[in-house]
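Fold the following and give me the result.
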Amino acid sequence: MAKQTKPQELLDAVRELPEKLPIFPEPTPLVLKDETAALPADDGRIEYTVTATAPPRVAGRRVKPGDTLRLTEEEARGELLALHIAPPRAAGLTAEQVAAVTEIL
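Below is the predicted model of the structure:
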């Protein structure tokens, strides 16, 4: 049979509890990088346009149709194949022509 403790013993044990707990430092606030911060032009990234068929997240970022994303070739590869993003406009092509080509693909 379990030993019964008196209420006073329980109160004393609860009062001693904070002294026995470890003291943790204050958490550091989370600081998110500003995605709109200027990136160097020669960082190897290309600007892609989010298509209407894209889900709410593309390349791990929340997007909506018409947004532009600066992605590396590796980041863009799967999204291009899934038609979630459109490549940058080729010289001399209008936006409608690019949209027509991506619809065919």
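
give the contact list for P65.
50-52, 54 (Cβ atoms under 8 Å, 6 or more residues apart in numbering). Using the backbone N, CA and C atoms, a C-beta is placed for each residue, glycine as well.

Okay, helices next: where are they in the protein?
Residue ranges of the helices in the chain, as given by DSSP state H, are 7-20, 73-81, 95-104.

Out of those, which is closest to G60?
Smallest distance to G60 across the helices of the chain (Cβ to Cβ): 8.4 Å, for helix 73-81.

now the contacts of P65: which count as buried?
Burial by neighbour count, 16 or more other Cβ atoms under 10 Å: within the contacts of P65 this picks out 50-51, 54.

Please identify the most buried of the helices of the chain.
For the helices of the chain, ranked by mean neighbour count under the definition mean count of other Cβ atoms under 10 Å, the leader is helix 73-81 at a mean of 14.

so what does it touch, helix or strand wise?
The criterion is 3 or more Cβ pairs under 8 Å, 6 or more residues apart in numbering; DSSP states H and E, and the helices and strands that helix 73-81 contacts are strand 46-50.
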